[in-house]
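In: Here is my input; please provide its structure:
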Amino acid sequence: MHLLPDLLLLLASFAGGALPLISGPPAAHKTHLLLAFSGSALLGITCLHLLPETFQDLPEHAGVYLLAGFFLQLLIQRTTHGVEHGHVHQEGHGHGLAVTGIFAGLALHAFMEGLPLSFHYRDPATGPSLYLAVGLHKLPEAMILGVLLRTAYSRSKAAGLILLFSCITPAAALLAAFLGIRYGFMAKTVTVLIPVVAGAFIHISTTIFFESGTKHHLLSYQKIAAMAAGVALAALTLLLH
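Out: Numbering: from 1, shown residues only. Have a look, this model is predicted:
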């Protein structure tokens, strides 16, 4: 089992969520640039690693599961209000009931992200690359969640919820690895879930590109540079072969 990557993933998510509890909400333009960077890295690693893997394992049905994941993420977004890609307004979300719904949707999204992490891929570079992509994505996602939790709860309760949220993705990875070793059906299930998660990643990353931090959905030069850096990082993971 990949205990060290799971621990680092937990710490990255908790650090992102704890930051607004300690120092207040981060500057919006910095968050948007971080989202652009992480979203492009996520898309790059999905295209360069996950998609080749899933089309080898499920050559006839991978496209169907990709579409299912894309539209499943669209449904989850109805609950999360777009926190996972930074498109959220605090107005109307600053009370417990609304934040609880957002947290539940993000928890489901986080659980889905964790299931493919410990899978044994054909290419040994896929696993570490996927951990990197998910870790980069969790940092701004948890940061925005931390801002919302701080508006609805005390700092200590918000910190506890951030810790709980940070544990979900690593716990899903460990659960999938544990069950996959003992039960063959779990490995087959994860094989199907990989393109579903990939479809969700495509939805999140492309939504970041066109909606996060732009006036009238235009791309600034800073955002283009952040996206290019994310794609370059994804391309560098090909050297892990």
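
In: which parts of the lowest-mean-pLDDT helix or strand in the chain are buried?
Out: Ranked by mean pLDDT, DSSP states H and E, the weakest helix or strand in the chain is helix 96-114, scoring a mean of 83. Using 16 or more other Cβ atoms under 10 Å as the test for burial, helix 96-114 gives 99, 102-103, 105-114. For glycine as for every other residue, the C-beta is placed from the backbone atoms N, C-alpha and C.

In: got the angle for the very next helix or strand once past it vs helix 96-114?
Out: From helix 96-114 onward toward the C-terminus, using DSSP states H and E, the following helix or strand is helix 126-152. Between the axis of helix 126-152 and that of helix 96-114 there is an angle of 170 degrees, by axes from the mean of the first three to the mean of the last three Cα atoms, to 10 degrees.

In: gap between the residue nearest to F70 when sequence neighbours are not counted and L11?
Out: Nearest residue to F70, sequence neighbours excluded (Cβ to Cβ, 6 or more residues apart in numbering): G199, at 4.0 Å. Distance of G199 to L11, given as Cβ to Cβ, to the nearest Å: 28 Å.

In: So for those two, which sits in the more crowded spot?
Out: G199 (27 against 13; other Cβ atoms under 10 Å).

In: Now that that one has come up, it's in contact with G69, right?
Out: Yes: applying Cβ atoms under 8 Å as the test, G199 and G69 come out as touching, 2.6 Å apart.

In: Any stretches of the protein with poor pLDDT?
Out: Residue ranges of the chain with pLDDT under 70: 1, 81-82, 84-97, 181, 211-218, 241.

In: And the strands in it?
Out: Counting by DSSP state E, one finds no strands in the chain.

In: Tell me where it has helices.
Out: 3-23, 28-45, 51-57, 62-80, 96-114, 126-152, 155-182, 184-211, 221-236 (DSSP state H).

In: Which strands and helices lie in contact with the second one?
Out: Using 3 or more Cβ pairs under 8 Å, 6 or more residues apart in numbering; DSSP states H and E, the elements in contact with helix 28-45 are helix 126-152, helix 184-211, helix 221-236.
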